[in-house]
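K.L.:
Pasted the sequence and its predicted model underneath.
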Amino acid sequence: MSEKTAQSYPPLPPLKQWLLPVLLAWVIPGGGHFMLKRHYRGAILAGSVLIMFVLGLLMRGYMFEPMSGDLLTTIIYTGGFIADMSAGVLYFMAKWFGYAAPDIAGHTVDYGTKFLVAAGLFNILAMVDAFEIASGRKQ
Amino acid sequence: MPKMNLSHFEATLLFALFCSAVLGVVSKTTDKERLRYGLRSFAYFAGTVFGLGWLMYLGHR
């Protein structure tokens, strides 16, 4: 069992091999794939993250801020903040330009909030993919 | 900045479209497998939306 597990998870490759593509994938959605010469996959990822994020903004989605309180509040708001921030430069630009939609009821705003979070989660998937490509675990 | 209003159907289908594209790109190894996985994933999303939509409609009659 342990032998099988050891075979499934090869040791972590050197940091310099994957750190830059992963960081670039976070800051610029799809950037890690472009750096690793996976252009069309990078374009699909960049387009998906960008369109989801812009749709979220157009629907006036709420951007989470870390908040403590009961366990559920902490998980939702801190998790949402991490997911929002995972969209990289899109998140920082939106904050820089003063985007601050209030957390109000309504299905459009709710969808907007979920679209913003989903854009960040897509970018996390792109970062993991960039890591796997850079470390030679995937083509 | 203009405000966009989408119906539940439009929003869920857009979500399904981009989610399927990303899942297809990151989860498979060949282009053919990626395309097939993305299309299948979108079909499952869309099927679930239709199914749940009808379930809610019939449940509220």
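P.N.:
Everything's here; your move. Numbers count the residues shown, from 1 in each chain, chains lettered A, B, ... in the order given.
K.L.:
What about residue A:77, how many residues nearby?
P.N.:
Using other C-beta atoms under 10 Å in any protein chain shown, residue A:77 has 17 neighbouring residues. The way it works is simple: take the backbone N, C-alpha and C, and place the C-beta from them, glycine included.
K.L.:
Can you check the pLDDT for residue A:81?
P.N.:
Note on residue A:81: pLDDT of 96.
K.L.:
Which residue is the nearest non-sequential neighbour of it?
P.N.:
residue A:64 (4.4 Å; C-beta to C-beta, 6 or more residues apart in numbering or on different chains).
K.L.:
Next up, the contacts around the one you found.
P.N.:
A:76-81, A:83-84, A:113, A:117 (C-beta atoms under 8 Å, 6 or more residues apart in numbering or on different chains).
K.L.:
ok, now with 7 Å
P.N.:
A:77, A:80-81, A:84 (C-beta atoms under 7 Å, 6 or more residues apart in numbering or on different chains).
K.L.:
ditto for residue A:113
P.N.:
A:61-62.
K.L.:
For residue A:81, see how far away it is.
P.N.:
Plainly put, residue A:113 is 12 Å away from residue A:81 if you go by C-beta to C-beta, to the nearest Å.
K.L.:
repeat for residue A:90
P.N.:
Taken as C-beta to C-beta, the span from residue A:90 to residue A:81 is 15 Å.
K.L.:
The two - which one has more neighbours?
P.N.:
Legend: neighbour count by other C-beta under 10 Å for residue A:90 and residue A:81, higher for residue A:90 (24 against 18).
K.L.:
So residue B:28 sits against residue B:37, correct?
P.N.:
Yes: assessed by C-beta atoms under 7 Å, residue B:28 is found in contact with residue B:37 at 5.1 Å.
K.L.:
now the strands: where do they sit in chain B?
P.N.:
Counting by DSSP state E, chain B has no strands to list.
K.L.:
How about the residues of it by chain A?
P.N.:
B:2-6, B:8, B:11, B:14-15, B:18-19, B:21-22, B:25-26, B:29 (C-beta under 7 Å from any C-beta of the partner chain).
K.L.:
Report the distance from the longest helix seen in chain A to the chain centre.
P.N.:
Ranked by number of residues, the top helix in chain A under DSSP state H is helix A:107-134. Helix A:107-134 sits 4 Å away from the centroid of its parent chain (C-alpha atoms, centre = their mean, to the nearest Å).
K.L.:
for the record, mean pLDDT for it?
P.N.:
Mean predicted lDDT for helix A:107-134 stands at 95.
K.L.:
Quickly note the distance from residue A:41 to chain B.
P.N.:
Look at residue A:41 and chain B: by C-beta to the nearest C-beta, to the nearest Å, they are 5 Å apart.
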